[in-house]
Each structure stands twice: as C-alpha cells, then as structure tokens.
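# got a structure for you, letters missing:
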C-alpha cells in the first residue's frame, strides 16, 4: 500500500476514523516512540492519506451529482409524458362524449334506456324479431351510423384543435 509513490505506508489510515481519536494524544504518542527526524516523512504520509480521502469523497460527490442530474432529466421526461397522456385522455373523453350522442338504435329518441341493457334472455328474442323489420329503416340507420363515424374520425385526428362537430 503506497501513498503518492513514496513507498510503504507506516501509518494506519483507519486510526484517524476510530471513535475517540484524539489528534493531541496521537502526536504525543508519536514523539514518545519515534525520533524527531522521521517527523517530516510521517507528516507527508498523513497529508497523502488526507488527499487520497478527499479525492475519494470528491469522486463520490461528483458521481452523486451526475446521478441527481440524470434523475432530474428523467423526471422532466416523465412529466412531459404525463402531460401528453393527459391530453390524450381528454381526447378520448371527447370521443366517448360524442359517441354517447350517437343514435345507435335508429329510433326517434336516440337515447339508450335501461331496458336496452337488460340481461334477460327474453330480450334476445325481441332483438331477433326486430332485426327482421323493413330494409328501409336499416338503410337509414346505416346512413346515420356512417355520418356519426365520420364525425368521430374528424375528432380523433392528430390535430391539436379538432374541427367543431357538424350539426
């Protein structure tokens, strides 16, 4: 383990991060056990350890910052997607509202009633019987349906401002 290419460390770097570390006690202990002539080399090692720790922390902070910036960009991207999705939902709601105005039954009311949604088997017989009505009313329904479909197609275009519905 070397510091700055100067050779083997004589200082254990973990000593400075131990709980209860006292710089004063460390210096007193060093001078009691080491000659004064080694002080410069020892100080150089301690400064190299400090610089290495600063560099590691700097790299960590820069990495965190880059991750933060990247996350911020993703948040903006997702926000744009949500905004677009909201616009799409508004368009779908408009289409559904227009579809609810379509006279799907071909009768005068053009309004669905609760009886149109009954699940009874008897209604199936009625619908079969009503399907054998005159072909002239079927052609009117087909024309009405075609008109409504063209209205819906104009509403679902990709334009930002769809044309107003035709009367």
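Nice, I can see it. Keep in mind that what you see is a predicted model, and the values were worked out from it rather than measured.
# tell me the mean pLDDT for the longest helix anywhere in the chain?
In the chain, ranked by residue count with DSSP state H as the criterion, the top helix is helix 39-100. Taken as a whole, helix 39-100 carries a mean pLDDT of 92.
# and that helix, what other elements does it pack with?
Packed against helix 39-100, as judged by 3 or more C-beta pairs under 8 Å, 6 or more residues apart in numbering; DSSP states H and E, are the following elements: helix 23-33, helix 135-155. Where you see a C-beta, it was placed from the backbone N, CA and C, and this is true even at glycine.
# between these, which gets the lowest average pLDDT?
Going by mean pLDDT, the lowest-scoring of those is helix 135-155, which has a mean of 63.
# Assumed residue 103 was part of a strand.
No - secondary structure of residue 103, determined by DSSP: H, G, I helix; E, B strand; the rest coil: coil, with no strand assignment.
# What's the separation between it and residue 94?
Using C-beta to C-beta, to the nearest Å, one gets 19 Å for the distance from residue 103 to residue 94.
# dump the residue contacts of residue 21.
With contacts taken as C-beta atoms under 8 Å, 6 or more residues apart in numbering, residue 21 has the following neighbours: residue 15.
# Spell out the secondary structure type for it.
When classified by three-state DSSP, residue 21 comes out as coil.
# what about it, distance to residue 102?
According to C-beta to C-beta, residue 21 stands 81 Å off from residue 102.
# Please apply the same query to residue 87.
Taking C-beta to C-beta as the measure, residue 87 falls 24 Å from residue 102.
# Settle it for me: which of these two has more neighbours?
Between residue 87 and residue 102, residue 102 has the larger neighbour count (other C-beta atoms under 10 Å), namely 15 against 11.
# Having no further points to raise, I will conclude here.
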